[in-house]
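1. Sequence and predicted model, in that order:
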Amino acid sequence: MLSIARAVTQTNRFIGRWVSLAVLIIFAFLFADVVLRYLFGAPAIWTAELATLIFGAYAILGGGYLLAERGHVNVDILYGRLSRKRKALVDIVTSPLLLLFVGILLWQGWEIAAESIADLERSNSVWKAPLWPTKALIPVAAILLLLQAIVRLWSDIRVLRGLPVPEDVFGVPATPSDTEAEKRAEPAQ
């Protein structure tokens, strides 16, 4: 089971790192659009729309990575002050909401993607950009997010049971372990 959890986390981290490069591609397309528009007076009809489609893929594929890195938005007013075990308990109690969200995303994303692929859907712009490749990524991203959510739930259960939670298997922990926190709190001698 640990090897499966490690594979899920490593896959999401790998995809997240590669997808993060999409920001550079988006920047290049938008920069090209500005150069073509203002220096040559000939705007490209495809650059902004392609940047938007790439951003869509970037945004949805980054979900599993963010969950592995605990980068999703969190209300830290109270949560940030909790002990590691209490954070794990809060995460376990709220995990049905995450799983419900991901389940609906997978179900609806599958339907959206299937319809888009069947129709080879294109945009209504002059360029008629293909939309189906980006929409096809929705269920893929939902599966990656679902798998990472299960791994995170398992890591929270392990925290409550006092078992080790290696970062390479489960992703970034909610807080450092008690021994790591104690070592940092000790004055240097």
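-> Received the coordinates, thanks.

2. what are the phi and psi angles of R122?
-> With angles defined as degrees, to the nearest 10, R122 sits at phi -130, psi 160.

3. Does the residue nearest to it when sequence neighbours are not counted belong to a helix, a strand or coil?
-> Using CB to CB, 6 or more residues apart in numbering and skipping the chain neighbours, the partner closest in space to R122 is K128 (4.5 Å). From N, CA and C alone the C-beta is placed, and that goes for glycine too. What DSSP: H, G, I helix; E, B strand; the rest coil gives for K128 is coil.

4. Report how many residues lie close to K128.
-> 12 (other CB atoms under 10 Å).

5. separation between it and L120?
-> Counting by CB to CB, to the nearest Å, the separation of K128 from L120 is 11 Å.

6. that's a helix at H72, yeah?
-> No - membership of H72 in a helix is not supported by three-state DSSP, which gives coil.

7. residues contacting it?
-> L66 (CB atoms under 8 Å, 6 or more residues apart in numbering).

8. Next up, phi/psi of it, please.
-> phi -70, psi 160.

9. Closest to the centroid, which residue in the chain?
-> The residue lying closest to the centre of the chain (CA atoms, centre = their mean) is G63, at 1.5 Å.

10. if you skip the residues just before and after it, what's nearest to it?
-> L145 (4.3 Å).

11. and whatever helix or strand the residue nearest to the centre of the chain lives in, average pLDDT?
-> In this structure, G63 sits in helix 47-68 according to DSSP states H and E. The predicted model assigns helix 47-68 a mean pLDDT of 92.

12. Restricting to C-alpha, output that helix in PDB.
-> The C-alpha trace of helix 47-68 is given here as PDB (Å, rounded to 0.1, in the frame of the first residue of the first chain):
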ATOM      1  CA  THR A  47      -2.500  33.700 -29.000                       C
ATOM      2  CA  ALA A  48      -4.900  34.800 -26.200                       C
ATOM      3  CA  GLU A  49      -7.300  31.900 -26.800                       C
ATOM      4  CA  LEU A  50      -4.500  29.400 -26.800                       C
ATOM      5  CA  ALA A  51      -3.100  30.900 -23.600                       C
ATOM      6  CA  THR A  52      -6.500  30.500 -22.100                       C
ATOM      7  CA  LEU A  53      -6.800  26.900 -23.100                       C
ATOM      8  CA  ILE A  54      -3.300  26.200 -21.700                       C
ATOM      9  CA  PHE A  55      -4.200  27.900 -18.500                       C
ATOM     10  CA  GLY A  56      -7.300  25.700 -18.200                       C
ATOM     11  CA  ALA A  57      -5.100  22.600 -18.500                       C
ATOM     12  CA  TYR A  58      -2.600  24.100 -16.000                       C
ATOM     13  CA  ALA A  59      -5.300  24.900 -13.500                       C
ATOM     14  CA  ILE A  60      -7.100  21.500 -13.500                       C
ATOM     15  CA  LEU A  61      -3.900  19.400 -13.600                       C
ATOM     16  CA  GLY A  62      -2.400  21.200 -10.700                       C
ATOM     17  CA  GLY A  63      -5.000  20.100  -8.200                       C
ATOM     18  CA  GLY A  64      -3.400  16.800  -7.200                       C
ATOM     19  CA  TYR A  65       0.000  18.400  -6.900                       C
ATOM     20  CA  LEU A  66      -1.400  21.200  -4.600                       C
ATOM     21  CA  LEU A  67      -3.000  18.600  -2.400                       C
ATOM     22  CA  ALA A  68       0.200  16.600  -2.100                       C
END
